[in-house]
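Q: only geometry, no sequence info:
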């Protein structure tokens, strides 16, 4: 069979059988065998060529908008791990642009391990408003692909037509998505590794007019996979309905210092806080003896939800040692302290 051909069923008819030269009676059941053409790695479309469209077909398959037959799945597994994932799409993209010479790839010869973690932040929103939900990435690196499953209350939130926009840090990704009721499936891949600490992507929803004041709704990242080695689950954010305009809904109603993420961490972590009004803010890291280690903020900050990254260094730019540290915010009459752990 030529490369690129689809598998065929060849009928087989059994006319006679001999078992140890003894003439037993047999019951014959005719059938067939599946005959597959040679594997043409990367040719998911079965057109005899490898193009970017083949990678896109994998992403469509992963979110459920495209069916792949057995031969297409064999051709798609360019990492030879007996599974088809968004990383296979990335490898095909890399092959198409000339970063990889041959398919399949020897995974021991290229770096395919990703780093990073995604988190969400609680926020407030207003009935009838637009709701943008940032997916924050910390310690990201060598992210070539991702697969994401997100759950939300479809009675409260309606996905925008362009449900996800990528940040500058991840703008090189090709993504496919599908919404089924309150479930959103997204798969993405890139030829070049992306992802640094900051906003990885943003989800876009509209909020129901019937979302009553003081009610809450939860958005959950049920699963999130980077490449084929980072798996995250059950990442939640709670959104509370408040009165006022859309702009007002993005202004916190109270001061808050949130838990850092990740925690424990190495080498960086993100500290988030909320300001209901403009204030002179100090955000300081202390060691267990109560000695200041790093002044992260010391100045006027406008109202809103804020994030600061600590890179594990002191005010002199030196990396600090493993251990327990405390971070404290002071804003007007508000003060709050939380604990974090640095591991190496």
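A: Great, that's in hand. Computed from a predicted model, the values in this text were never measured in an experiment.
Q: For residue 143, the count of nearby residues, please.
A: 25 (other Cβ atoms under 10 Å). No exception for glycine: its C-beta is placed from N, CA and C like everyone else's.
Q: and if you look at the one 10 residues further on?
A: Taking other Cβ under 10 Å as the criterion, the count of residues near residue 153 is 14.
Q: same question, residue 232
A: Residue 232 - counted by other Cβ under 10 Å - has 16 other residues nearby.
Q: Nearest spatial neighbour of it, chain-adjacent residues omitted?
A: Closest residue to residue 232 apart from its sequence neighbours, by Cβ to Cβ, 6 or more residues apart in numbering: residue 224 at 4.3 Å.
Q: Mean confidence (pLDDT) on stretch 269-279, please.
A: Mean pLDDT, stretch 269-279: 89.
Q: Residues touching that stretch, excluding its own?
A: 119, 121, 136, 138, 197, 251-258, 260-263, 281, 283, 296, 300-310, 312, 327, 329, 331-332, 334, 340 (Cβ atoms under 8 Å, 6 or more residues apart in numbering).
Q: Please identify the buried residues of that stretch?
A: Residues of stretch 269-279 classed as buried by neighbour count (16 or more other Cβ atoms under 10 Å): 269-276, 279.
Q: quick one, domains of the chain?
A: Domains of the chain are assigned by automatic domain parsing as 8-96, 113-250, 252-344.
Q: As JSON lines, those with distance to residue 103 would be great.
A: Below are the domains of the chain laid out as JSON lines (distance: least, Cβ to Cβ, whole Å):
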{"stretch": "domain 8-96", "distance to residue 103": "4"}
{"stretch": "domain 113-250", "distance to residue 103": "14"}
{"stretch": "domain 252-344", "distance to residue 103": "35"}
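Q: winner for burial among these?
A: domain 113-250 (a mean of 18; mean count of other Cβ atoms under 10 Å).
Q: Give me the distance from it to the chain's centre.
A: Distance of domain 113-250 from the chain centroid (Cα atoms, centre = their mean, to the nearest Å) equals 9 Å.
Q: which one of the domains of the chain lies closest to residue 104?
A: domain 8-96 (4.6 Å; Cβ to Cβ).
Q: For the closest one, the averaged confidence score.
A: On average, domain 8-96 scores 83.
Q: Might one say that residue 205 is in contact with residue 157?
A: Yes. Contact criterion Cβ atoms under 8 Å: residue 205 and residue 157 qualify, at 4.2 Å.
Q: which residues are in contact with both of the two?
A: residue 131.
Q: and the closest residue to residue 229 other than its chain neighbours, what is it in contact with?
A: In space, residue 229 comes closest to residue 113 once its chain neighbours are excluded; the distance is 5.1 Å by Cβ to Cβ, 6+ apart. Shown in contact with residue 113 (Cβ under 8 Å, 6+ apart): 142, 227, 229.
Q: The last one: what's it in contact with?
A: Residues touching residue 229, when contacts are defined by Cβ under 8 Å, 6+ apart, comprise 112-114.
Q: just so I have it, where are all the helices in this structure?
A: Listed in chain order, the helices of the chain (DSSP state H) span 52-63, 70-76, 86-96, 246-249.
Q: Now render those helices as TSV, adding distance to residue 38.
A: Formatted as TSV, the helices of the chain follow (distance: least, Cβ to Cβ, whole Å):
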stretch	distance to residue 38
helix 52-63	16
helix 70-76	10
helix 86-96	18
helix 246-249	58
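Q: Out of those, the one nearest residue 40 is which?
A: Of all the helices of the chain, helix 70-76 comes closest under Cβ to Cβ, at 5.5 Å.
Q: who touches the residue nearest to residue 41 when sequence neighbours are not counted in this structure?
A: Closest residue to residue 41 apart from its sequence neighbours, by Cβ to Cβ, 6+ apart: residue 103 at 3.9 Å. By Cβ under 8 Å, 6+ apart, residue 103 lies in contact with 41-42, 50, 78, 91-92, 95.
Q: mind running it again at 6 Å?
A: 41-42, 78, 95 (Cβ atoms under 6 Å, 6 or more residues apart in numbering).
Q: Could you verify my assumption that residue 240 touches residue 123?
A: No. Assessed by Cβ atoms under 6 Å, residue 240 is found out of contact with residue 123, at 7.8 Å.
Q: Return the distance of the residue nearest to residue 137 when sequence neighbours are not counted relative to residue 184.
A: With Cβ to Cβ, 6+ apart as the criterion, residue 137 has its nearest non-adjacent residue at 3.9 Å, and that residue is residue 200. In this structure, residue 200 and residue 184 are 15 Å apart, going by Cβ to Cβ, to the nearest Å.
Q: Can you give the contact residues for stretch 297-310?
A: Residues contacting stretch 297-310 (Cβ under 6 Å, 6+ apart): 197, 251, 268-278, 280-283, 296.
Q: Good, wrapping up.
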